[in-house]
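Chemist: Based on what follows, work out the 3D shape:
(chains A, B, C and D)
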2 protein chains.
Amino acid sequence: MKEGPDISRIAALIGDPARANILTALMSGKALTATELAGEAGVTLQTASAHLAKLQATEMIAARKSGRHKYFTLGGDDVGHVLEALMGLAAGAGHLRTRTGPKDAALREARVCYSHLAGARGIALYQGLLRRGVLQAEGEVIRVTPAGSAFLCDFGIDLDALGRAKAPLCRSCLDWSARQTHLAGSVGRALLTRMQALGWCTRQEGSRVVTFTPAGATAFAQTLG
Amino acid sequence: MKEGPDISRIAALIGDPARANILTALMSGKALTATELAGEAGVTLQTASAHLAKLQATEMIAARKSGRHKYFTLGGDDVGHVLEALMGLAAGAGHLRTRTGPKDAALREARVCYSHLAGARGIALYQGLLRRGVLQAEGEVIRVTPAGSAFLCDFGIDLDALGRAKAPLCRSCLDWSARQTHLAGSVGRALLTRMQALGWCTRQEGSRVVTFTPAGATAFAQTLG
DNA sequence: TAAATGCTTCGGCTAACGTCGAAGTATGAA
DNA sequence: TTCATACTTCGACGTTAGCCGAAGCATTTA
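Modeler: Here you go, the predicted structure:
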């Protein structure tokens, strides 16, 4: 009866405020978990899960499981293109959002990703360890080199104790603020714990922000970055 | 809380099937009345009126009263851009319309795009006129050559009468089935009208399918294709 | 003037969908 | 193992909004 591809199904998906918020949050190119996206959308986790399932069924977003987390990204460039065009149209029609918060500048700098360090500092840490030969990456598998074991032991981390646990020593984790890999796993957690013990950084209560002291920042840059 | 313009309002407008049909119908660039759009959308006039009011309130379409008719067109190029992007995404996601009945093949072959010929025949017509030097394309602008004027006059089309109307003589129209350009505008309309008058083809009532008679098809191939 | 056509508004009905509580699975941590 | 976290599924509720019949304007035609 009508001609052409069916626009309305896809547009209706974007037409829900919660889903639009989810897609807008993913527009930065960052990978986000379901819980984070639920917060962004302003709905509960159950509701967000239903939305994410619908978006994934139409391939507007892609999911990647990592541990017990599920990371979502946009389905492709064409999806971003549609969203961009819609934003332009909405902006022109005067449907701007009321306010924008400078909240996440600190989050981009340094934050905890469950138990390890993420953000710009986290990426610097991971790349620094690679450059110093402590870690070696083969695809998505990360190993600690023999020289790296000595380095970590010197830093105050008991690799043998970590090795007895079932959890993998090293794991790559995708960063949402820069979409780059940083170090997770028990070694990543131990590094953050050790840095906190050394007084290099402190965690803000009720937030994921990690604050480095001036002395801690310089020590970090010298030793690890 | 959220950043960026509010996509969802506009996307929700496109998300309704009736409104999506209306917008798709207006994609040809032609101005259509409320009654025509109601038919395209498959709803009654009252329902279409409500939809048109909503679309007009957000400036996605523009209205122009002429006598007791109300002609609607797309609000601007950016609206068309959004629709194009959505069509590409919908086509890529495999969300083509479900009912691919026997009409579909006929529609791809030859159909009316409001008032001119589209489909495989429409593309053949356009390319044939280009090859014969009747038309000349410069980017998206199409002009009738001096020799073409004589050709069209010979075919029984009064170019002078068409020139007095406000509508552009020639307009390019993108074909969804083949993603190629075909001829719209008043010349395109006049050509279809003339071919019907010559008995080359007939329109099916209540449908957009155009059926060529065997004699008409050969005449079409000799004269225009 | 009256009749006809094109469009808008009003009222009520219906169906669809977003929402969340609660329970169920899966993975990681202790 | 036992607990905690992350996510999914189920069921029910409630709001929303599309839809059309009928009536109301507005404009053209006879």
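Chemist: Beyond the worst-scoring helix or strand of chain A on mean pLDDT, next helix or strand please.
Modeler: Least confident helix or strand, chain A: strand A:171-174 with a mean of 61, by mean pLDDT, DSSP states H and E. Along the chain past strand A:171-174, the next helix or strand (assigned with DSSP states H and E) turns out to be strand A:181-184.
Chemist: Downstream of that next one, the next helix or strand is which one?
Modeler: Using DSSP H and E, the next helix or strand after strand A:181-184 towards the C-terminus is helix A:185-197.
Chemist: Just the buried positions in that following helix, please.
Modeler: Taking 16 or more other CB atoms under 10 Å in any protein chain shown as the basis for neighbour counts, the residues of helix A:185-197 that come out buried are A:185, A:186, A:187, A:188, A:189, A:190, A:191, A:192, A:195, A:196. Where C-beta positions appear, they are placed from N, C-alpha and C, glycine not excepted.
Chemist: Distance from it to the middle of the chain?
Modeler: For helix A:185-197, the distance from its own C-alpha centre to the chain's C-alpha centre is 18 Å (CA atoms, centre = their mean, to the nearest Å).
Chemist: helices and strands around the next helix or strand after that helix, which ones?
Modeler: Tracing the chain past helix A:185-197, the next element assigned as helix or strand by DSSP H and E is strand A:201-203. Packing partners of strand A:201-203 (3 or more CB pairs under 8 Å, 6 or more residues apart in numbering or on different chains; DSSP states H and E): helix A:185-197, strand A:210-212.
Chemist: Now do strand A:201-203, average pLDDT.
Modeler: Across strand A:201-203, pLDDT averages out at 81.
Chemist: Name the residues that touch that strand?
Modeler: Contacts made with strand A:201-203 from outside it, assessed by CB atoms under 8 Å, 6 or more residues apart in numbering or on different chains, are listed as A:110, A:112, A:195, A:196, A:209, A:210, A:211, A:212, A:213, A:216.
Chemist: Just the strands from chain A, written as ranges.
Modeler: A:32-33, A:61-66, A:69-74, A:111-113, A:116-118, A:135-138, A:141-144, A:171-174, A:181-184, A:201-203, A:210-212 (DSSP state E).
Chemist: how many neighbours does the nearest residue to residue A:65 once chain neighbours are set aside have?
Modeler: Distances taken as CB to CB, 6 or more residues apart in numbering or on different chains place residue A:71 nearest to residue A:65, at 7.6 Å, with adjacent residues excluded. The local packing of residue A:71 (other CB atoms under 10 Å in any protein chain shown) involves 20 other residues.
Chemist: where does chain A dip in pLDDT?
Modeler: Of all residues in chain A, those with pLDDT under 70 make up the ranges A:1-5, A:28-30, A:77, A:93-108, A:112-115, A:138-141, A:164-168, A:171-181, A:204-208.
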